[in-house]
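Student: Sequence and predicted model, in that order:
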Amino acid sequence: MATALQTLRKKPGAKVIVLEKESDIAQHQTGNNSNVIHSGIYYKPGSLKATNCIRGYAQLLQFCDENTIPYKLCGKVIVATHQNEIPLLENIYKRGLENHLSGLKMLTLGELKEIEPHVAGIAGIYVPQTGIVDYRLVAQKYAEVFRNGGGEIKLGEKVIDIKPSANKVEVITNNASHVGKLVVNCAGLYSDKIAALTNGKIDVKIIPFRGEYYKLKKNKEHLVKTLIYPVPDPNFPFLGVHFTTMVGGGVECGPNAVLAFQREGYKKSDINLAELAETLMWPGFHKIASKYWKTGFGEMYRSFSKGAFTKALQKLIPEIQETDLAPGGAGVRAQACDRTGGLVDDFLILEENNAINVCNAPSPAATSSLAIGETVADLVIKRL
Ligand SMILES: Cc1cc2nc3c(=O)[nH]c(=O)nc-3n(C[C@H](O)[C@H](O)[C@H](O)COP(=O)(O)OP(=O)(O)OC[C@H]3O[C@@H](n4cnc5c(N)ncnc54)[C@H](O)[C@@H]3O)c2cc1C
């Protein structure tokens, strides 16, 4: 939606059609995420993630202000619980400075306790810019502004084939055919499949990782004031359950990261054998599985055992008990993985003759959406 909106903003009057297979927008990653407005502290300076997150952050806040979408810049703490995490914490702090974040603060235990009295840690970083919003609302507003600007959204249209030719491209859906100059693929969990329709040599596969949440029961919400994150594992920056206050009230705990047996598999019991076989047969997946099987089993165990999930949360807030947690929702991350087992870290945008494929847009792509949209829109405009 952000890409469509930015294209129309840059070229008013252009004919832009969004094809969405669901009966409404934001039914997948965008509507099932942690709803955090990320500051950009973690990302390698100069990477697409860093530049788009920092630019997108400012654009998102401006969009929310202009369209009266509620958000809150509540700040977050990143907490080291062991001495061996201190060098990693210091690296994150340095990265934040390199990414020009202002107001970052290394926290002693006393300072940490002033912000989050119930946290157990030995040191932390305070990131004042981090905030919370409802991305489903944001996407709905993108859609409204896009439509008001003359854009068209066709719901219930699943793209099943794309036929590029010299100076046009035909997009075939379950119930129509659309001919245009250019197709832009922002299909999230199916972005590799759609990309393969315009580029037979595409060499990344989307591996779906489900993230499951619990909610803190009302009488325990006071244990969390802002957002509380652990120090991320550099190999899997998206791992590590955290606490997130929500803009509409309440506190979420999670998400974990388990292999989903279906790309849009939000429940443990959701299995699509063809999709699962495709994941298991991807050479890159074998490499990840053989290298990180212990981490994978740990995540799986925490998925099935509420006690183990609670234990992971207790590292940050020891007072939390299993009985304090009520079931929450789940989201599935579209993580691109290459043939050699590398999890693609940065956003990945590939250009073909009649197509632009956004092949990897994981977190913080919701925060960065207007900036990624602008980046893609610039590529679109060059071709029109
Ligand atoms: C658990 C979780 C937590 C996250 N937390 C955060 C966070 O706190 N902050 C943040 O910035 N980011 C977060 N992210 C990342 C963020 O949600 C995503 O990066 C972002 O939403 C990606 O948007 P997208 O439009 O690329 O994908 P999606 O939102 O998944 O949209 C893709 C769309 O394509 C449609 N589609 C797919 N195939 C077809 C087809 N064949 N035909 C037609 N339509 C099709 C789908 O129905 C879907 O609507 C999180 C993600 C997850 C999963």
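Tutor: Looks like it arrived, so ask away.

Student: Is the least confident helix or strand in the chain by mean pLDDT positioned near the ligand?
Tutor: Within the chain, confidence by mean pLDDT, DSSP states H and E is lowest for helix 283-304 among all helices and strands, at a mean of 84. No. Helix 283-304 does not reach the ligand (CB under 6 Å from any ligand atom); its nearest approach is 12.9 Å. C-beta: built from backbone N, CA, C; applies to glycine.

Student: residues of the helix or strand following that helix that come out buried?
Tutor: Once helix 283-304 ends, the next helix or strand along the chain (criterion: DSSP states H and E) is helix 306-314. Taking 16 or more other CB atoms under 10 Å as the basis for neighbour counts, the residues of helix 306-314 that come out buried are Ala308, Phe309, Thr310, Ala312, Leu313.

Student: how far does helix 306-314 sit from the chain's center?
Tutor: Here helix 306-314 shows a centroid-to-chain-centroid distance of 23 Å under the convention CA atoms, centre = their mean, to the nearest Å.

Student: just use 55 as the starting number from now, easier for me
Tutor: Let's use 55 as the start, then, which means that last one is helix 360-368.

Student: For Gly85, give me phi and psi.
Tutor: The main-chain torsion angles of Gly85 are listed as degrees, to the nearest 10 and equal phi -100, psi 0.

Student: Pull the contacting residues for the nearest residue to it once chain neighbours are set aside.
Tutor: With CB to CB, 6 or more residues apart in numbering as the measure, Arg190 is the residue that lies nearest to Gly85, at 4.2 Å, once sequence neighbours are left out. When contacts are counted by CB atoms under 8 Å, 6 or more residues apart in numbering, Arg190 touches Ala80, Thr84, Gly85.

Student: which SS class is Arg190?
Tutor: The three-state label given to Arg190 by DSSP: H, G, I helix; E, B strand; the rest coil is helix.

Student: Please report how far it lies from the ligand.
Tutor: Arg190 sits at a distance of 10 Å from the ligand (criterion: CB to the nearest ligand atom, to the nearest Å).

Student: Spatially nearest residue to Leu61, not counting backbone neighbours?
Tutor: One correction, residue 61 is Thr, not Leu. The shortest distance from Thr61 to any residue that is not its chain neighbour, by CB to CB, 6+ apart, is 4.3 Å, and that residue is Ala431.

Student: Please report how far the one you found lies from the ligand.
Tutor: In this structure, Ala431 lies at 14 Å from the ligand, with CB to the nearest ligand atom as the measure.

Student: so what's Glu266 closest to, chain neighbours aside?
Tutor: Ala384 (4.7 Å).

Student: what's the following helix or strand after the host helix or strand of the one you found?
Tutor: Element membership for Ala384, per DSSP H and E: strand 379-392. Past strand 379-392, heading to the C-terminal end, the next element that is a helix or strand (DSSP H and E) is strand 402-405.
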